[in-house]
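Asks: here are the coordinates; sequence isn't available:
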């Protein structure tokens, strides 16, 4: 990835973090406790995870993952631990760390972009709030989610035999039975969320639906 492309991605991630932080500041306790689209986490815990990915850092995740013998358990534990903080502190931390660039080894800068964009949907959709991410950013997230290293997002085989076409941005990914619709809905479906499946269509949709959890 060229330097200018990396800088674009870093700036996009920073903006998405700020958007979540500003949203947090406007939510009441009932909204913060609303179950998110991320299984087992409420809205506040998802936001805490977004902070944790920056402030705890990869070494902390890896050390805890070794102790727990599971990366998923480590991610969950760190997010739940940070979610015990007051929401004002979580939002302030997210504002403060927004500009911190992340480029994980193997995965690159698109990993944090996909993470923050999918989790933005995890928060907004169950709250009944508009979820209309920038299509160019969502397309870059799709580049990661459909690529060779979508660790933690897309299990092996989920997209086998499926092509995905974004009707609003003129991009496509994969090969096979087609699914088409807005890039934001494709992004959430590829990441295992079923909430926007009604916005998608095509002969590949039943195949993908059978492979999604729940």
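Replies: Looks like it came in fine. Being a predicted model, the structure only gives us computed values, none of them experimental.

Asks: Listing request: residues of this structure with sub-threshold pLDDT.
Replies: 57-58, 60-62, 65 (pLDDT under 70).

Asks: List of residues touching stretch 172-184?
Replies: For stretch 172-184, contacts defined as Cβ atoms under 8 Å, 6 or more residues apart in numbering pick out 121, 131-133, 135, 138-139, 142-143, 146, 159-169, 171, 186, 189, 196, 199-205, 207-208. Where C-beta positions appear, they are placed from N, C-alpha and C, glycine not excepted.

Asks: Can you say which of these are buried?
Replies: 121, 131, 133, 135, 138-139, 142, 146, 159, 162-167, 169, 171, 186, 189, 196, 200, 202, 204-205, 207-208 (16 or more other Cβ atoms under 10 Å).

Asks: Show me those that map onto strands.
Replies: Mapping the buried ones among the contacts of stretch 172-184 onto strands (DSSP state E) picks out 162, 163, 164, 165, 166, 171.

Asks: just checking, residue 151 touches residue 107?
Replies: Yes - with contact defined as Cβ atoms under 8 Å, residue 151 reaches residue 107; the gap is 6.5 Å.

Asks: For these two, indicate the residue with more neighbours.
Replies: residue 107 (19 against 12; other Cβ atoms under 10 Å).

Asks: which SS state does the more buried one fall under?
Replies: Recorded secondary structure, residue 107: coil (DSSP: H, G, I helix; E, B strand; the rest coil).

Asks: Tell me how many other residues surround the spatially closest residue to it that is not a sequence neighbour.
Replies: Spatially, and ignoring its direct neighbours in sequence, residue 107 is nearest to residue 149 (5.2 Å; Cβ to Cβ, 6 or more residues apart in numbering). Applying other Cβ under 10 Å, we find 14 residues neighbouring residue 149.

Asks: what's the answer for residue 87, then?
Replies: Neighbours around residue 87, by other Cβ under 10 Å: 18.

Asks: Now do it against residue 78, distance only.
Replies: 17 Å (Cβ to Cβ, to the nearest Å).

Asks: again with residue 70
Replies: 12 Å.

Asks: for the helix or strand hosting residue 20, the distance to its chain's centre please.
Replies: Assessed by DSSP states H and E, residue 20 sits inside helix 3-25. The chain centre lies 13 Å from the centre of helix 3-25; the measure is Cα atoms, centre = their mean, to the nearest Å.

Asks: which residues sit against the helix or strand following that helix?
Replies: Tracing the chain past helix 3-25, the next element assigned as helix or strand by DSSP H and E is helix 29-32. By Cβ under 8 Å, 6+ apart, the residues outside helix 29-32 that reach it are 24, 42, 43, 44, 87, 127.

Asks: if we go to 10 Å?
Replies: With contacts defined as Cβ atoms under 10 Å, 6 or more residues apart in numbering, helix 29-32 is touched by 23-24, 42-45, 47, 83, 87, 90, 123, 126-129.
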